[in-house]
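Student: quick check, what structure comes out for this input:
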Amino acid sequence: MARHGGKRRRKADAAPEHADERWMVSYADMITLLMALFLIMWSMASLNTSKFESLAASLREAFSGKILPGGEAVMKPGNHSKSAQASPEPPLPTIVPVTSPEDSTAGDGQRSDAPQKEVEDLDRLKKEIDRWTAENGLRREVQTTVARRGLVVTVLTDRVLFDSGSAEIKPAAGRLLDTLTRLLKTQVRNPIQVEGNTDNVPISSGRFPSNWELSTARATAIVRALIRRGLNPDRLSAAGYADRHPIATNATAGGRRRNRRVELVVLRKHSEPGQGGQPTTTQGGTGK
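Tutor: Okay, the predicted model is just below:
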């Protein structure tokens with residue numbers, strides 16, 4: 001009996017080897033899971049952007065109605081109705097590319113003759129205006145100059161167009177405006193800018209607080225007169241420069257008289273032959 005009892009005590013006293021190290025199994029599992037998590041996070045951080053963009057584009061195509069049947073309804077909410085759709089916008093206007101002189105070459109390698117033809121048209125228009133003003137005794141009041149920005153027709157306002165401090169066109173200006181309208185309609189198709197200019201004598205009235213308002217009102221009055229005579233409004237624009245662009249001295253009465261003027265500028269659409277780039281448009285006097 002004693003012998004058998006001793007064997008049982010020896011077996012009970014024998015403890016399993018390394019029983020206090022079982023926690024390492026759970027620890028190892030946790031480390032393995034953390035490593036797997038870090039690997040996943042690292043792989044997501046180093047995402048291949050090109051492949052991601054390709055995937056995004058494919059998804060957009062799939063849900064845009066081009067691949068899946070049903071049109072574009074896939075992208076719309078379920079309560080969307082036809083009555084709630086916005087009305088279609090008008091089509092965008094065609095964008096006309098800006099062409100350089102190098103682009104104006106014909107298919108056979110020769111340059112387009114549009115710039116040269118424009119020069120000839122402006123010269124012919126200048127001669128027509130000069131001939132009419134000479135025949136009607138207005139050569140000193142109406143002067144023409146071909147400048148870099150186009151043909152500038154300068155009309156001194158005192159005797160021909162306006163009374164002092166007024167923007168009402170004189171009845172005597174009707175024949176001149178009729179002739180200018182006829183020539184501008186038949187000789188050229190260029191845009192036309194009408195510019196009002198004054199001297200430096202201050203003006204302060206109920207209608208015109210300064211020369212800015214006076215010069216702009218005069219330019220606008222000429223534009224309206226040309227439109228009434230049949231000139232296309234799309235070709236016209238108006239600008240007022242007050243006394244900021246004198247062509248003569250304001251120290252004398254004669255110089256101030258020259259500065260009180262309206263200029264009709266037939267703007268170039270092409271560069272002058274032999275010049276590069278776009279035509280230069282400079283604001284100011286006739287020497288531009």
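Student: what's the local residue count around D178?
Tutor: Applying other Cβ atoms under 10 Å, we find 14 residues neighbouring D178. (Glycine included, C-beta is placed from N, CA and C.)
Student: just give the nearest non-adjacent residue to it, would you?
Tutor: Leaving aside its sequence neighbours, D178 sits nearest to R229 (Cβ to Cβ, 6 or more residues apart in numbering; 6.3 Å).
Student: P191 against L267, yeah?
Tutor: Yes - using Cβ atoms under 8 Å, P191 makes contact with L267 at a distance of 4.9 Å.
Student: doesn't N200 belong to a helix?
Tutor: No - the assignment for N200 is coil, going by DSSP: H, G, I helix; E, B strand; the rest coil, so no helix is present there.
Student: what about it, neighbour count?
Tutor: For N200, the count of nearby residues is 15 (other Cβ under 10 Å).
Student: residue contacts, it?
Tutor: 211, 243, 246, 250, 256, 259 (Cβ atoms under 8 Å, 6 or more residues apart in numbering).
Student: just the buried residues out of these, in ChimeraX syntax.
Tutor: To isolate in ChimeraX the members of these that are buried, counting by 16 or more other Cβ atoms under 10 Å, one can use:
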select :211,243,246,256,259
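Student: can you put the contacts of N200 in TSV and add secondary structure?
Tutor: Formatted as TSV, the contacts of N200 follow (three-state DSSP):
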residue	secondary structure
N211	helix
D243	coil
P246	coil
N250	coil
R256	helix
N259	helix
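Student: any idea how far V188 is from the residue nearest to D178?
Tutor: R229 sits 16 Å away from V188 when distances are taken as Cβ to Cβ, to the nearest Å.
Student: could you do I31 as well?
Tutor: I31 is 87 Å from V188, by Cβ to Cβ.
Student: who has more neighbours, these two?
Tutor: Shown here are I31 and V188; by other Cβ under 10 Å, V188 has more neighbours (20 against 10).
Student: not counting sequence-adjacent ones, nearest residue to that one?
Tutor: D121 (5.2 Å).
Student: quick one: that neighbour is in a strand?
Tutor: No - going by three-state DSSP, the assignment for D121 is helix, not a strand.
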